[in-house]
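**Q** How does the following fold in three dimensions:
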Amino acid sequence: MTQKILISLGVLVAVVLGVLYARGLMHVHQGIAPPAALKPLALEKPAKPAPPVSFADAMGGRHALADFKGRYVLLNLWATWCAPCVAELPALARLKAQVPGLKVLAVDVGRDKPDAADAFLKSHEAAGLGTLVDNEVMLIRAFGAFGLPTTVLVDPAGKVIARAEGPAAWDAPGSVDYFKRLVGS
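**A** So this is what the prediction gives:
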């Protein structure tokens, strides 16, 4: 009887350890599917390392995407001449305000100067995003953006785990809940 109990206990421990081990290998995003409001956001399978890109802020300072490793990053590529981009900018600003654990980076890839991009964001209820520009068109090439807006979700390990081509309802209640669960806030 004691031998059967020990074998059963050993099997139970092995199963529990196996589950814990497997969960440790699973990325958080694999267990959380994007809601219907984020229909354009498709999970990347397999996740790929984010390219080594950088962009400038309003003061001309350079920032590398890799600087944000350790956090979830929602990187949005937009331009002032792109109507769908302009329409979704306020939603991205509201998402950023509602989910502080998510680093929302909206980068103007339309070759605007930082002061012009800053004024544009302010006039379109999106000043909360902060002014970021890519005058070198590095991001469009690196992410293979064939249209705008293009948005990528980068995990804390620096891997692109999801991508959206076209606008999305970033500030819809389901979207906000999704990102809060994703970042653990």
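
**Q** Flag the helix or strand of this structure with the lowest per-element mean pLDDT.
**A** Using mean pLDDT, DSSP states H and E, the weakest-scoring helix or strand in the chain turns out to be helix 2-25, at a mean of 43.

**Q** Pull out the buried positions in the helix or strand following it.
**A** Per DSSP states H and E, helix 2-25 leads on to strand 41-49 as the next helix or strand towards the C-terminus. By neighbour count on 16 or more other C-beta atoms under 10 Å, the buried set for strand 41-49 is 41, 43, 47. The way it works is simple: take the backbone N, C-alpha and C, and place the C-beta from them, glycine included.

**Q** Below-threshold pLDDT in this structure: ranges please.
**A** Across the chain, the ranges flagged by pLDDT under 70 are 1-31.

**Q** Break this protein down into its domains, please.
**A** What automatic domain parsing lists as the domains of the chain is 1-31, 33-183.

**Q** How far does the last one stretch from one end to the other?
**A** End-to-end distance of domain 33-183 (C-alpha to C-alpha, to the nearest Å): 14 Å.

**Q** roughly how far out does it sit from the chain middle?
**A** 7 Å (C-alpha atoms, centre = their mean, to the nearest Å).

**Q** Just put the buried residues of strand 41-49 in a markdown table and tack on distance to His63.
**A** Output for these, formatted as a markdown table (distance: C-beta to C-beta, whole Å):
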| residue | distance to His63 |
| --- | --- |
| Leu41 | 23 |
| Leu43 | 26 |
| Ala47 | 22 |
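
**Q** partner residues bridging the closest residue to Ala117 other than its chain neighbours?
**A** Once flanking residues are discounted, Ala117 sits nearest to Asp108: 4.3 Å by C-beta to C-beta, 6 or more residues apart in numbering. Taking DSSP bridges as the rule, Asp108 bridges to Trp78, Val133.

**Q** Gly130 is in contact with Asp108, correct?
**A** No. Asp108 is not in contact with Gly130 according to C-beta atoms under 8 Å; the separation is 11.0 Å.

**Q** dump the residue contacts of Thr151.
**A** Contacts for Thr151 (C-beta atoms under 8 Å, 6 or more residues apart in numbering) come out as 40-41, 74-77, 163-164, 168.
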